[in-house]
Each structure stands twice: as structure tokens, then as C-alpha cells.
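Novice: Need coordinates for the below:
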Amino acid sequence: VFPGNCWAFKGHQGQVVIRLPARVHLTAITVQHITKEASPSGTIISAPKDIAVFVSLLGISVDADREEETLLGMFTYNMEKDPIQTFPLKTMLLPRAFSHVKLLVKSNWGNPRYTCIYRVQVHGKMEKRKASTEGQD
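Specialist: Take a look at the predicted model:
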């Protein structure tokens, strides 16, 4: 996590879909930015502010051609607090595992040109795989 070594997108809004290595029962999401002290300008106005987290219900709905998403939480990244902030997700809405998570940044702390995200971590429990019975007596 070094200044400038971030995922940057133009403007104050953007989104990213994260493909997880396995299906996961989600519990929380962590967002990280640099500190003001580490910033060459002494400010972190490029940090995300208002964030929403979604999962896709594609393949579950009756109309498979239309992608449906469920909001698991809306959060505010507070640039006055610790640079690593974890937010619990409302997983009781969908008690199942997912393979993708969408992070939607709705605003930043004032930079009109770009927004930076240094790290996103998705927390949860991997879905248990069913044991194969092939070749067993």
C-alpha cells in the first residue's frame, strides 16, 4: 500500500465486481486507503466515501435474462478513522454463498478527477463442497 499504487477510476463514482476464488457465505467487507501522513499532498480526498455492496442473483430469478442484485449494505468510509475499515454485511437477507461481489463507490471525499481504492478484502466462510462418492465402496 504505497501512495499512487491503487486502483483508480475517473471521477467520484465507480464500481468493481470481484470474483471470489470459491463460493463464499459473506460476512463483511474491508476497504483500505492510505493515511494522510503517507499522502504526498497531505490529504486523502481521493478516498471513497459512500460505498454500497451488492451480490448478483443471476441464475436464481425466474427471468434469467435480467440480472438482479441484492444490496448487502451501504457504508461510509471515514477518512478520519483507521485507514483499514471493516463493515458487516446484511447476510441474513440471503443465507447462501456467492462467487461475485460488487463494490459500488457512490462518492469520494472531494477529488473531482479520480477516486482511489488501495485494498478490498471480502470476509466470509467458504461453501462446503459435497464429497465425491465416485470410486468409493
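
Novice: I'd like the next helix or strand past the longest strand belonging to the chain.
Specialist: Looking across the chain with DSSP state E, the single longest strand is strand 14-32. Later in the chain than strand 14-32, the nearest helix or strand by DSSP states H and E is strand 50-56.

Novice: May I have the strands that pair with that following strand, each with its orientation?
Specialist: Here strand 50-56 is paired, per DSSP bridges, with strand 69-76 (antiparallel), strand 98-105 (antiparallel).

Novice: Now do the last one: everything it contacts.
Specialist: Residues from elsewhere that reach strand 98-105, judged by CB atoms under 8 Å, 6 or more residues apart in numbering: 9, 12-20, 22-24, 26, 29, 31, 48-56, 69, 115, 117, 120, 122. Placement of C-beta: from N, CA and C, glycine included.

Novice: Let's see the ChimeraX selection covering just the buried ones among the residues you listed.
Specialist: The following ChimeraX line selects those of the contacts of strand 98-105 that are buried, judged by 16 or more other CB atoms under 10 Å:
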select :9,12,14,24,26,29,31,48,49,50,51,52,53,54,55,56,115,117,120,122
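
Novice: So which residue is smack in the middle of this structure?
Specialist: Most central in the chain under CA atoms, centre = their mean is Leu103, positioned 4.0 Å from the mean C-alpha point.

Novice: what bridges to that residue?
Specialist: Note on Leu103: beta-bridge partners by DSSP bridges are Val16, Val53.

Novice: Appreciated, that's everything.
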